[in-house]
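In: build me a model:
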Amino acid sequence: MTSSPIRWGVIGTGHIARRFAGDLAHSTSGVLAAVGSRDGIRAFAFTADFGSGIHADETAKILARPDVDAIYVGTVNRAHAEIAIAALEAGKPVLIEKPLAPTPAEARAIRDVAERRGLLAMEAMWMVFTPGIVRLRALLAEGTIGTPKSLSANLSYARAYRPDFELFDAETGGALRDLGVYPIALALHLFGPADDIAAIVERNEAGSVRQAALVTRHGPVLTKLSCGFETEGPNGAMVSGEHGRIALAGPFFCPPALALKRHEAGTALDHREGATSASDADGSQPADRTLLVPSPQGETIHTPVTGSGLQYQADHFAECLRAGLRESPVHPLSASLAAIEIMERAGRSPSI
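Out: Numbers count the residues shown, from 1 in each chain. Model prediction:
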């Protein structure tokens with residue numbers, strides 16, 4: 001594709017679709033060209049807040065427009081696969097709101113159609129493109145805190161239960177799909193596939209997950225991940241390593257700052273036979289182990305965000321399109337499918 005702006009067609013008129021459409025004003029690569037909905041009147045009303053010259057119509061008609069370069073699917077979860085596949089079959093690359101699909105089978109169907117059509121498809125896991133997460137990954141790659149050993153991440157917001165609301169649907173909603181997808185995706189993004197998974201969940205009367213706690217292992221890294229609709233959580237995260245830790249200010253999916261605390265290599269304390277205290281009896285200290293001595297001060301790394309942060313994923317998507325890629329090297333479909341499979345497995349865990 002050329003360097004001309006990517007003309008986006010947004011499918012959906014809810015909160016997340018509105019955020020994406022608004023953040024395109026901060027994009028360096030794309031513009032809002034069209035909005036589609038099951039109800040063309042709702043689509044037309046949606047465009048009123050985003051300027052003139054934006055087409056509005058029923059979804060199928062927007063997918064067929066030759067002046068739309070890419071489709072963003074911002075609908076309820078249960079419609080993700082249907083609309084994404086329709087967009088791909090219409091020849092449109094597609095960015096699909098998280099989770100990619102409610103089930104692994106639907107996620108694989110999207111992947112298979114994208115491969116068959118030779119088109120770019122990506123989950124809109126906007127978190128991994130925000131400045132704070134990009135900086136965090138760079139710090140880890142540079143060895144700033146040595147080999148990472150653990151990740152803790154919590155994402156909880158109080159949500160009053162409404163049995164008629166999609167958010168609480170047992171098949172397509174619940175706290176894992178709405179919130180748990182973020183800490184799970186963070187663990188996969190930073191440390192790769194999970195080798196082991198354990199979880200415990202709490203469900204509401206309809207059977208959907210309202211709270212969940214997970215432990216996953218990724219090689220040498222052990223994670224503690226939680227999410228829920230019951231209370232407002234701290235919503236932060238922390239990565240700890242051999243030589244320090246990095247805390248992500250809440251909300252960790254778009255952290256305004258990182259708090260870095262490093263340790264300096266010092267002299268070990270060895271309680272050996274014959275020693276009367278932390279040092280040897282003669283006052284000397286053995287040096288056959290390493291002691292990590294906290295540095296006197298931490299460092300705050302500010303990672304400000306423009307808009308609400310959804311434009312960063314749109315700009316990455318545009319880069320992939322212009323490079324002729326069929327999959328994102330930063331957030332491939334394999335990572336999205338891995339997250340869905342973890343959520344599926346966790347959702348079958350024992351309830352408390």
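In: hey, let's count contacts and neighbours off CA atoms from now on
Out: OK.
In: past the lowest-mean-pLDDT helix or strand in the chain, which element shows up next along the chain?
Out: The least trusted helix or strand in the chain, going by mean pLDDT, DSSP states H and E, turns out to be strand 290-294, with a mean of 51. Next along the chain after strand 290-294, taking DSSP states H and E as the criterion, comes strand 299-302.
In: low-confidence ranges, this protein, go.
Out: Along the chain, segments meeting pLDDT under 70 span 1-2, 265-297.
In: how's it carved up into domains?
Out: Per automatic domain parsing, the structural domains of the chain span 6-125, 131-304.
In: adding distance to A318 and mean neighbour count, write those out as CSV.
Out: Below are these laid out as CSV (distance: least, C-alpha to C-alpha, whole Å; neighbours: other C-alpha atoms under 10 Å):
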stretch, distance to A318, mean neighbour count
domain 6-125, 7, 20
domain 131-304, 17, 18
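In: CSV for these, including distance to P350?
Out: Shown next, in CSV, are those (distance: least, C-alpha to C-alpha, whole Å):
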stretch, distance to P350
domain 6-125, 19
domain 131-304, 6
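In: for the ones you listed, which one sits closest to L325?
Out: domain 6-125 (6.5 Å; C-alpha to C-alpha).
In: circling back to that earlier point, closest one to R322 among the domains of the chain?
Out: Of the domains of the chain, nearest to R322 by C-alpha to C-alpha is domain 6-125, at 9.6 Å.
In: how long is that closest one end to end?
Out: 19 Å (C-alpha to C-alpha, to the nearest Å).
In: what about stretch 313-329, how long is it end to end?
Out: 12 Å.
In: how far is it from where the chain is centred?
Out: Taking C-alpha atoms, centre = their mean, to the nearest Å, one finds the center of stretch 313-329 at 17 Å from the center of the full chain.
In: over to stretch 114-132?
Out: Centroid displacement of stretch 114-132 relative to its chain, using C-alpha atoms, centre = their mean, is 11 Å.
In: do the same with stretch 35-48
Out: 28 Å.
In: then stretch 334-346?
Out: Relative to where its chain is centred, stretch 334-346 has its mean C-alpha point 12 Å off (C-alpha atoms, centre = their mean).
In: how about the nearest residue to P148, chain neighbours excluded?
Out: In space, and not counting its chain neighbours, P148 is closest to G241: 3.9 Å by C-alpha to C-alpha, 6 or more residues apart in numbering.
In: wait, doesn't the one you found sit right on L140?
Out: No: if you go by C-alpha atoms under 8 Å, G241 and L140 don't touch, sitting 9.1 Å apart.
In: need the overlap of contacts for the two.
Out: Counting by C-alpha atoms under 8 Å, 6 or more residues apart in numbering, the residues touching both G241 and L140 are 146, 148.
In: if we can go back for a sec, and the residue nearest to P148, what is it in contact with?
Out: Residues in contact with G241 (C-alpha under 8 Å, 6+ apart) are 145-150.
In: strands along the stretch 1-150 of the chain, start to end?
Out: 6-11, 30-37, 55-58, 70-73, 94-97, 121-124, 148-156 (DSSP state E, counting those that start in this stretch).
In: using PDB, write out the CA atom coordinates for the third one.
Out: Put plainly, it is strand 55-58. The C-alpha trace of strand 55-58 is given here as PDB (Å, rounded to 0.1, in the frame of the first residue of the first chain):
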ATOM      1  CA  HIS A  55     -20.100   7.500   5.500                       C
ATOM      2  CA  ALA A  56     -22.700   5.600   7.600                       C
ATOM      3  CA  ASP A  57     -24.600   2.600   6.600                       C
ATOM      4  CA  GLU A  58     -25.500  -1.000   7.500                       C
END
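In: neighbouring strands - and their directions - for that strand?
Out: Strand 55-58 sits in its sheet next to strand 30-37 (parallel), going by DSSP bridges.
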